[in-house]
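Asker: Pasting the sequence and the predicted coordinates here, then a few questions.
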There are 4 protein chains.
Amino acid sequence: ADASAAAYAAPAPEQKINVVSLRDIERQAEKVLPPFGFHFIAGGSGDEWTLRENEAAFDRLVIEPRFLSGVKTPNPATSILGSKLSLPVLASPMGMHGFAHAGKEAGTAKGTAAAGSLYVTPSVSNLSMEEIAAAAGAGAKWFQIYFPEDPGYAREQLQRAKAAGYTAIVLTVDATSFGNRERPAKLGLKPPPHLGFGNMPKSPALAGQNPDMQKKDLTFADVAFCQKESGLPVIVKGVLTAGLASDCVKHGCAGVWVSNHGGRQLDHSPATIAVLPKIADAVGGKVPIIVDSGIRRGQDVFRCLALGASVVGIGRPLLYGLALGGAQGVEAVFQRLRTELLMTMQLAGVASVDKITADYVAPAVRS
Amino acid sequence: ADASAAAYAAPAPEQKINVVSLRDIERQAEKVLPPFGFHFIAGGSGDEWTLRENEAAFDRLVIEPRFLSGVKTPNPATSILGSKLSLPVLASPMGMHGFAHAGKEAGTAKGTAAAGSLYVTPSVSNLSMEEIAAAAGAGAKWFQIYFPEDPGYAREQLQRAKAAGYTAIVLTVDATSFGNRERPAKLGLKPPPHLGFGNMPKSPALAGQNPDMQKKDLTFADVAFCQKESGLPVIVKGVLTAGLASDCVKHGCAGVWVSNHGGRQLDHSPATIAVLPKIADAVGGKVPIIVDSGIRRGQDVFRCLALGASVVGIGRPLLYGLALGGAQGVEAVFQRLRTELLMTMQLAGVASVDKITADYVAPAVRS
Amino acid sequence: ADASAAAYAAPAPEQKINVVSLRDIERQAEKVLPPFGFHFIAGGSGDEWTLRENEAAFDRLVIEPRFLSGVKTPNPATSILGSKLSLPVLASPMGMHGFAHAGKEAGTAKGTAAAGSLYVTPSVSNLSMEEIAAAAGAGAKWFQIYFPEDPGYAREQLQRAKAAGYTAIVLTVDATSFGNRERPAKLGLKPPPHLGFGNMPKSPALAGQNPDMQKKDLTFADVAFCQKESGLPVIVKGVLTAGLASDCVKHGCAGVWVSNHGGRQLDHSPATIAVLPKIADAVGGKVPIIVDSGIRRGQDVFRCLALGASVVGIGRPLLYGLALGGAQGVEAVFQRLRTELLMTMQLAGVASVDKITADYVAPAVRS
Amino acid sequence: ADASAAAYAAPAPEQKINVVSLRDIERQAEKVLPPFGFHFIAGGSGDEWTLRENEAAFDRLVIEPRFLSGVKTPNPATSILGSKLSLPVLASPMGMHGFAHAGKEAGTAKGTAAAGSLYVTPSVSNLSMEEIAAAAGAGAKWFQIYFPEDPGYAREQLQRAKAAGYTAIVLTVDATSFGNRERPAKLGLKPPPHLGFGNMPKSPALAGQNPDMQKKDLTFADVAFCQKESGLPVIVKGVLTAGLASDCVKHGCAGVWVSNHGGRQLDHSPATIAVLPKIADAVGGKVPIIVDSGIRRGQDVFRCLALGASVVGIGRPLLYGLALGGAQGVEAVFQRLRTELLMTMQLAGVASVDKITADYVAPAVRS
């Protein structure tokens, strides 16, 4: 395990893996990944307070099951913006899957499709959005964009995305300054030579741009640009306040994505589960809410849905699954969550995901 | 200590043991039990949050003693559904005592009877309910059932239970999906060859069933079935909400058992002591309340009774006592709790268990 | 360091010691004391929750200093029941000082007097109350009693105490059942041969009694007995509720001593600083309040006085001082507290102890 | 690394350093500093509760960013009492920089000026205030004073300060008794021979005084003396209560400095961020508020400004920077904070420091 490209390019087997839990595979992945790769994925920004808080905040909420409800086999299926999902969990966009596995985003996309879920392709991918779309096949897929400095490059990406079959655009708004992810520097770890961007500009006029260079002074005008140029539904990702959620609804966004970027952007921004209830109030059911950052258990999925989410997003665990077993590893991560969610729903006495309400959740410490 | 049946079948001496505390014998038992056996017993489900919270929640409540009350020797005796108990503590049902000791459930039942307490025989036992009843002798005993898929098998078990002298049925409702107890998998531990179910169906028509196969879509109709087919009082075990407690009273249940299965079923369900007060409100004294999960001290028994329980159940510590000294070890666990409860009552200034009220308990942190 | 009497009888030097802090000398004392002696002193009962909470509860309160108050040299002197104290700290009664030092209670009494403080002689002492009184010399002194089964023995002790020059009786009410102090048993430590009780009965009619055998069913009649037979002011020690505090005032007690016996009696009883405010409300200034259990810093003394105490008691640190330097070690502990209290008062801007009020204290976490 | 003066006088290179974070350089500095020097700087007083709480209190507040605000490049510049600052962070006064680096206060002053910030010269410096003023050059500078016993010596210092070009006086009021900083004693560390005071009295009439000997019974008369004798604006440093803040405004102070002396004076005084809101209420915008103690991140600067501070002060990290790279190390610490503050402002959507309001901050745990 070192910083050479070879360490990352080594053929990793496609294989079935046993996922005891999404927390357990983090430990497993650490054993097989090059140290930089692992810590780039696992780390957060700053003091990693938000990273830890994302998980800790769930511990402040208990699930109150309703036994004797007569539920035999709950149905975890749902749909979002017309896409059917076999469970209310999708793949959050994450850059540079080549740090995890030689299969790169194609492996993650393929595994996600195999699990019957929706893949959100990152603009900062190692493969091109067209390659990734092909890997996802008939699977549901959205395209995530960091809005670039040059609107022409934005237009190019949006049009390519639509042409490649992506059915919605996810505009990330919480990364206009790059988060201070300090782990590699503190541990003295070096990245491998660049693994390549899959979505470099095609038009000669855009030479010199890359998908990691984004516009800093984003406004809703940029949201409108995405809506207009893609002709697709646009979801704003990075919502942490009720105010922004309301504004998204007002500006015709197709969805609100509650996220703190997995604790990788502004450290000391709040845990998503902590702000979800007031955002759900603000949205008032007008558009679907996706939430990610810190979800590791079926019980976490359940609690997010109870507090107003339509679907949750999973990040790092998918890369660990990818590292350990390629597309099959990714699928196994979804399956583990499905198993836990089904167990939670069955024990809680909930037959379908639309019936998971706030009545099933309470503060762990009652005053 | 390994995974062979022999490791579990080794004759363990019947002997007096010194129980410094119920927490201390967990450490002692770990030294003598095969690793799988120990971790199967000690572990909880998922992240073991509920397992830890069961004990931690007690730390949020203090006991306010009333000195100078003139109490010399408190009386810990009580009764429940007509059974007299020498202390307000009974043996919670736990499966597979063969993991702890070659004496299996007979040892636990015998030790419980020797302590003057009530034994709740698990349906998923290694010995038969008749063998266990014999071991309990004149001791009070109830039969716990996981309601099986086939009502005929339910009927058989209920009728056998009544015939064997059990005086109440405990229907467990919180285990319709099996909890994800991950310790053995994470630690790489293997179970021994199956130690056998004591309550396999006797009727040829029920061949292929076993007591671990239960109906998932339980409702109060199944409660009624238990009531009717056994002719015995039925207690619902696994109550965690006021709503279910009220429904139990409404449907003629003889008791409400507040439990989260010792943190072995739905992880992130609440600590029992945290939900007990509102359940007690809902029950309003109409039927007795049993509470278990996390009780390790006489002070815990006292706090449960103060907040509305009639009797508490003890689980894992009995298996540790069994592992360390057979029936005598079990009895010693009850005696240790009795000693601590008497000390607590005497110091608190309470003469009898019915006088233990919420006035003696307060939040540790006052706002 | 072993369990022989010799390990405890070894001549320990009388010497000046450097007390960095009362917490630091616990570490120092552990190095010189036989293990049983150390853990007997340092330990608490049960899970030692109350032991820890006694100190942790102080961390929930901050001191708000008033700078620019023009205070040069605060005066820490005070008085209680007619005894003058050079600082608002006295020596709480503790049994068996022979576990700490060959000088036994005489060393502690002498060091306390040298510090200008008040010594509370324990009935369960290794030396006799007369020997201890002699060691204290002109120093202020009270006698603590565990009310014995036989009132004749109570009378004998009370009359001896008055004759020996003790000026008040402290009746301990929180130890009618012996606390389950489990450290030695858990650590496998054995006590030395009995070091002897200094206050064995003198009357032949009381043969067979010893000062450790106490009446369990104490009431205010026993308080009245102490008042009448000694003719001295009587203070009730072990008050943890407003109700008992009010009753003490009503029954003519000369003081109320808020204590949980240093976390050595009923584990999970509240921290004294947590219950002090409501007890102070109940007492309403009618009699002095003493508080002990967990006080380790001048800031702790200050916070207790701010919340209603007249004087605080110190326990274990005095035994550590005794172990490390005999009477001079004891005096050094008082001096360290005096130094810290003076620093706290000067910085807070308080000229005298009667001016330390609740206005100087606030919750650490503000809602 | 030992206690000799040589260990401290060793020429330390002036060099660029890489500051991953202000927390990270504490670990780096520990490697290069003599142990006494490091622990003298890093430690706090008493149990170091306030030291820890200063940082922990920030974790109870989250930042709620407003994405899509259209902010490209925030402006961190500000001014205070007529001095322009390139960022809202200044150098808190700390004594004896010779413990950190042979360049002493000149290095810190030079680095602070290079960063475009304001240097507060400590009266207890190793170099003279004139040498330090020269090192700061055109950089903004204030002079901090411990008011001495002899007013003549106060006058001398104040007049020297004005003559040397300092533009404000900072009167520290929280150190009239020296805090019990126990680390060196507990660790058995010895200081080097005295490195010398730079501000010894010049008038023969003041012989025997030194800048560490201060008046204990300070009042607002001493504040007035500073105002009158210096003719400069006077800021009171050490304010922890709303009452003192109001009084400062009433007595014509030019600013209020909220500080607990970095947890080095009265342990168990509150975290500054915890008391800042009510102090800001009391000040009502009439004078600027400086706050220090525990600020380690751009997010901390942001939260202080949000809750009412005009500027924050940084202490220990500057000495770590000095130890690692002299003046360049000091400058690098400011640059790291600037980078983090800019990132925080840009992500939060705030264009300038005056727009950072309480609307951007919320409790981490919502009830």
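Answerer: Thanks, I have it.
Asker: Against which helices or strands is the biggest helix by length in chain A packed?
Answerer: As assigned by DSSP state H, the longest helix anywhere in chain A is helix A:316-348. For helix A:316-348, the packing partners by 3 or more C-beta pairs under 8 Å, 6 or more residues apart in numbering or on different chains; DSSP states H and E come out as helix A:24-32, helix A:35-42, strand A:89-91, helix A:104-114, helix A:298-306, strand A:311-314. C-beta here means a position set from N, CA and C on the backbone, and glycine is covered the same way.
Asker: which residues sit against the shortest one?
Answerer: Here strand A:89-91 makes contact (C-beta atoms under 8 Å, 6 or more residues apart in numbering or on different chains) with A:80, A:108-109, A:112, A:117-120, A:140, A:290, A:295, A:301, A:311-315, A:318, A:330, A:334, A:337-338, A:341.
Asker: what does the longest one give?
Answerer: By C-beta under 8 Å, 6+ apart, the list of residues contacting helix A:104-114 from outside reads A:14, A:90-91, A:97-98, A:101, A:103, A:118-119, A:121-122, A:125-127, A:131-141, A:195, A:198, A:318-319, A:321-322, A:326-331, A:333-334.
Asker: circling back: could you provide the helices and strands packed on helix A:316-348 in CSV, with additional columns for mean neighbour count?
Answerer: Output for the helices and strands packed on helix A:316-348, formatted as CSV (neighbours: other C-beta atoms under 10 Å in any protein chain shown):
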stretch, mean neighbour count
helix A:24-32, 18
helix A:35-42, 22
strand A:89-91, 28
helix A:104-114, 27
helix A:298-306, 27
strand A:311-314, 27
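Asker: Now render these as TSV, adding distance to A:Glu55 and mean pLDDT.
Answerer: Putting those into TSV (distance: least, C-beta to C-beta, whole Å; pLDDT from 0 to 100) gives the following:
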stretch	distance to A:Glu55	mean pLDDT
helix A:24-32	11	96
helix A:35-42	13	96
strand A:89-91	16	98
helix A:104-114	22	97
helix A:298-306	8	98
strand A:311-314	13	98
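Asker: Turn these into TSV, including distance to B:Leu240.
Answerer: As requested, the helices and strands packed on helix A:316-348 are exported to TSV (distance: least, C-beta to C-beta, whole Å):
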stretch	distance to B:Leu240
helix A:24-32	27
helix A:35-42	35
strand A:89-91	26
helix A:104-114	35
helix A:298-306	14
strand A:311-314	24
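Asker: what about those, which gets the closest to B:Lys190?
Answerer: helix A:24-32 (17.3 Å; C-beta to C-beta).
Asker: tell me the angle the closest one makes with helix A:35-42.
Answerer: With axes from the mean of the first three to the mean of the last three C-alpha atoms, to 10 degrees applied, the angle from helix A:24-32 to helix A:35-42 works out at 160 degrees.
Asker: Summarise which helices and strands helix A:24-32 is packed against.
Answerer: Applying 3+ C-beta pairs under 8 Å, 6+ apart, we find helix A:24-32 packed against helix A:35-42, helix A:316-348.
Asker: and C:Glu55, which of those is closest to it?
Answerer: Nearest to C:Glu55 among these is helix A:35-42 (36.3 Å), distances taken as C-beta to C-beta.
Asker: And the closest one, how far out from the chain middle?
Answerer: In terms of C-alpha atoms, centre = their mean, to the nearest Å, the centre of helix A:35-42 is found 17 Å from the chain centre.
Asker: Kindly state the pLDDT recorded for the spatially most central residue of chain A?
Answerer: Geometric centre of chain A, nearest residue: A:Ser92, 1.5 Å, by C-alpha atoms, centre = their mean. You'll see A:Ser92 listed with a pLDDT of 98.
Asker: Is it in contact with A:Ile314, as I believe?
Answerer: Yes: applying C-beta atoms under 8 Å, one finds A:Ser92 in contact with A:Ile314, separated by 6.1 Å.
Asker: OK, contacts around the residue of the stretch 1-150 of chain A found nearest chain C?
Answerer: Nearest residue of the stretch 1-150 of chain A to chain C (C-beta to the nearest C-beta) works out as A:Arg60 at 15.4 Å. Counting by C-beta under 8 Å, 6+ apart, A:Arg60 touches A:Pro363, A:Ala364, A:Val365, D:Val365.
Asker: pLDDT score assigned to it?
Answerer: Note on A:Arg60: pLDDT of 98.
Asker: How about the one 3 residues further on?
Answerer: Note on A:Ile63: pLDDT of 98.
Asker: Now for it, how many residues are close by?
Answerer: When neighbours are defined as other C-beta atoms under 10 Å in any protein chain shown, A:Ile63 has 22 of them.
Asker: That one and A:Lys278: what is the separation?
Answerer: With distances taken as C-beta to C-beta, to the nearest Å, A:Ile63 is found 20 Å from A:Lys278.
Asker: Then A:Ala175?
Answerer: 23 Å.
Asker: what does the stretch 1-150 of chain A have sitting close to chain B?
Answerer: With the criterion set to C-beta under 8 Å from any C-beta of the partner chain, the stretch 1-150 of chain A comes near chain B through A:18, A:20-21, A:23-24, A:58-59, A:61-73.
Asker: Can you go through those residues and name the buried ones?
Answerer: A:20-21, A:23-24, A:58, A:61-69, A:71 (16 or more other C-beta atoms under 10 Å in any protein chain shown).
Asker: D:Ala242: which of these is nearest?
Answerer: When those are compared for distance to D:Ala242 (C-beta to C-beta), A:Leu61 wins out at 35.5 Å.
Asker: what about the strands in chain A?
Answerer: Ranges of strands in chain A, per DSSP state E, are A:61-63, A:78-80, A:83-85, A:89-91, A:119-121, A:141-145, A:169-172, A:234-239, A:255-258, A:289-291, A:311-314, A:361-363.
Asker: Export those strands as CSV, with columns for distance to B:Pro151.
Answerer: As requested, the strands of chain A are arranged in CSV below (distance: least, C-beta to C-beta, whole Å):
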stretch, distance to B:Pro151
strand A:61-63, 30
strand A:78-80, 34
strand A:83-85, 37
strand A:89-91, 36
strand A:119-121, 46
strand A:141-145, 48
strand A:169-172, 51
strand A:234-239, 50
strand A:255-258, 46
strand A:289-291, 42
strand A:311-314, 39
strand A:361-363, 34
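Asker: Right, I'll leave it there.
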